[in-house]
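Novice: coords please:
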Amino acid sequence: MTVGQQDEFFNHIDGEWTRSRSGRTFDNVNPADVADIVGRFQASCAEDAQAAVAAAAAAFDAWRRTPVSKRAAILNRAADHLEANAAGIAEELTREEGKALSLSKDEVLRSAQTLRFYAVEGQTFTGETYPNDDPEMVVYSQREPLGVVTVIAPWNFPVSIPARKIAPALIAGNTVVFKPSSDAPLSGYRLAEALVQAGLPKGVLNFVTGSAAEIGPGITEHPAVRAISFTGSTRAGEQIHRAVPLTTRTQMELGGKNPLIVMEDADLDKAVDLTIKGGFSLSGQACTGTSRVLVAAAVKAQYTQKLLARVQALKIGSGMTPGMDLGPLATRRQLETVLSYIEIGKAEATLLCGGERLTGPGFDQGYYVSPAVFTDVTQSMRIAREEIFGPVIAIIEFNGYADAIAKANDTEYGLSAAIVTADPRYIHHFATDIEAGTVKINRTTTGNLVNAPFGGLKRSSTSTFRESGRTGLEFYTQVKTVYRGC
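Specialist: Residues are numbered from 1 along each chain as shown. Next up, the predicted model:
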């Protein structure tokens with residue numbers, strides 16, 4: 001599974017691996033070393049998008065009638081493929097996205113686990129029977145697939161996020177058009193490859209690469225598309241949501257400005273550990289990442305001292321390097337965005353450490369930034385309000401639990417939030433008081449289980465249907481109520 005500089009990867013439309021009708025390609029580069037071309041991908045056009053939707057629409061009727069046990073067997077075989085090739089796929093993921101190799105392998109294996117989860121859950125996700133007063137009538141509901149589903153995935157978890165969208169869509173009997181991020185298309189290609197090799201009939205899964213401007217409208221606004229599952233920026237999600245027909249369902253998981261609250265009774269070493277894991281894992285490029293740390297005034301100085309010691313000891317380098325703590329940012333665009341916010345932060349607050357573009361041997365060819373910690377941050381500052389998506393932490397002081405909750409909720413986002421405390425009163429009230437879809441107590445803001453619902457509140461999500469877990473199947477089915485007389 002070694003990829004060289006001249007390797008070209010194709011779209012998969014109607015059962016065939018094919019070049020784009022545009023005749024154009026784009027290069028996927030390694031953010032740790034931009035001279036390393038990970039692969040060459042199709043710069044698809046509107047005609048490719050139309051062909052993918054048409055193929056999915058044509059394949060739908062046969063796929064929806066395929067016994068669910070056969071659909072489940074395909075998901076399990078695809079999981080087998082991912083597990084057997086996990087080491088190679090993980091290396092490619094690290095090369096194209098930058099995260100630590102161990103995290104990449106965990107992601108591939110987690111994706112296989114997701115496929116297996118839905119292979120089981122999808123076989124028991126049915127309707128209900130309803131009691132009624134007529135002895136000669138039976139009333140029941142049945143769940144049916146929607147039709148063509150579009151999946152648009154981000155670059156930060158380029159295998160696991162599309163897996164948790166595609167698996168429930170397929171097991172429910174839908175056909176899929178899958179567009180991966182152009183910044184990490186090879187990982188999405190490997191997921192599609194696993195499903196195709198597992199025996200999906202032609203047209204059931206269609207894989208198309210290219211820019212959102214070129215192919216986005218064709219795979220979202222087409223009247224044959226019955227549902228869209230998107231993970232990405234709030235701006236892009238809202239644009240899609242406004243443009244699609246009324247009859248098209250949308251599932252949008254968007255941005256976050258996630259708080260970690262450190263109470264006065266907190267174990268400060270634990271709080272620092274959770275800050276590091278939540279804020280700097282994946283170089284801060286997680287939608288559930290910790291970006292605001294609200295610290296009780298009584299322990300702020302001690303917490304900050306401990307945090308700085310840990311941050312300054314972090315090892316920065318390629319994801320292929322053993323023991324590495326932070327890798328590069330995933331793209332030049334993300335590098336420029338993070339550096340611009342650091343400059344904004346310098347004008348607004350006090351920079352305690354980091355925030356520099358790293359240069360020298362091992363750094364010159366990559367998108368490296370040292371992790372930044374700001375203090376004296378107030379609620380009105382841009383670094384406290386806007387999603388940065390990088391290794392930047394803003395420390396905000398509070399006085400008392402009520403003040404902490406008020407400041408934590410003072411944001412347009414509501415994806416994830418956490419608190420560090422031993423006080424049962426705070427633990428009891430926090431889950432109710434915080435405005436977030438994912439609530440953590442003495443845990444990092446990042447991470448979610450395969451079998452538990454995931455999603456945000458406010459502008460972090462459409463808040464219609466949740467992803468992940470058994471609940472994740474609801475988005476991909478519609479309910480009919482049947483009244484059957486004898």
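
Novice: next, name the residue at the spatial heart of the chain.
Specialist: Ile161 (4.8 Å; C-alpha atoms, centre = their mean).

Novice: tell me what the helix or strand that contains it is packed against?
Specialist: Per DSSP states H and E: Ile161 is located in helix 160-171. If you count contacts as 3 or more C-beta pairs under 8 Å, 6 or more residues apart in numbering; DSSP states H and E, helix 160-171 packs onto helix 68-84, helix 101-121, strand 148-152, strand 175-179, helix 185-197, strand 225-231. Yep, even glycine has a C-beta here, placed from its N, CA and C like the rest.

Novice: of all these, which lies closest to Gly362?
Specialist: Nearest to Gly362, of all the helices and strands packed on helix 160-171, is helix 101-121, at 16.1 Å by C-beta to C-beta.

Novice: buried ones in that closest one?
Specialist: By 16 or more other C-beta atoms under 10 Å, the buried positions in helix 101-121 come out as 101, 103-105, 107-119, 121.

Novice: my read is that Thr126 contacts Arg143, right?
Specialist: Yes: using C-beta atoms under 8 Å, Thr126 makes contact with Arg143 at a distance of 6.2 Å.

Novice: more neighbours, those two?
Specialist: Between Thr126 and Arg143, counted using other C-beta atoms under 10 Å, Arg143 has the larger neighbour count: 17 against 12.

Novice: outline the domain layout of this protein.
Specialist: Domain segmentation of the chain under automatic domain parsing yields 8-254+461-485, 258-449.

Novice: could you pull out the helices in the chain for me?
Specialist: 46-64, 68-84, 86-97, 101-121, 160-171, 185-197, 212-220, 234-243, 268-280, 300-312, 332-348, 382-385, 401-409, 424-433 (DSSP state H).

Novice: so which of these is the most surrounded?
Specialist: helix 160-171 (a mean of 28; mean count of other C-beta atoms under 10 Å).

Novice: run through who's touching that one.
Specialist: Outside helix 160-171, the residues within contact range by C-beta atoms under 8 Å, 6 or more residues apart in numbering are 68, 71-72, 74-75, 107, 110-111, 114-115, 117-119, 121-123, 149, 151, 153-154, 176, 178, 180, 188, 191, 195, 200, 204-205, 227, 229, 231, 251, 450, 467-468, 472-473, 475-476.

Novice: quick one: pLDDT of Gly4?
Specialist: We note a pLDDT of 48 for Gly4 in this prediction.

Novice: again, but for the one 5 residues further on
Specialist: The score at Phe9 is 98. That number is its pLDDT.

Novice: thought Ala46 was touching Ile219?
Specialist: No: using C-beta under 8 Å as the test, Ala46 is too far from Ile219 to be in contact (9.7 Å).

Novice: now stretch 231-250: mean pLDDT?
Specialist: 92.

Novice: put the alpha carbons of it into CSV.
Specialist: Output of stretch 231-250 as CSV, limited to C-alpha atoms (Å, rounded to 0.1, in the frame of the first residue of the first chain):
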residue,chain,number,x,y,z
THR,A,231,-19.2,17.8,9.2
GLY,A,232,-17.2,21.0,8.8
SER,A,233,-17.2,24.7,9.5
THR,A,234,-20.4,26.5,10.6
ARG,A,235,-20.2,28.9,7.7
ALA,A,236,-20.1,26.0,5.1
GLY,A,237,-22.8,24.0,6.9
GLU,A,238,-25.1,27.0,7.1
GLN,A,239,-24.6,27.7,3.4
ILE,A,240,-25.5,24.1,2.5
HIS,A,241,-28.5,24.1,4.8
ARG,A,242,-29.9,27.2,3.2
ALA,A,243,-29.4,26.0,-0.4
VAL,A,244,-30.9,22.5,-0.3
PRO,A,245,-34.6,21.7,-1.2
LEU,A,246,-37.2,21.6,1.6
THR,A,247,-37.5,17.8,1.1
THR,A,248,-33.8,17.2,1.7
ARG,A,249,-32.8,16.3,5.3
THR,A,250,-29.7,17.8,6.7
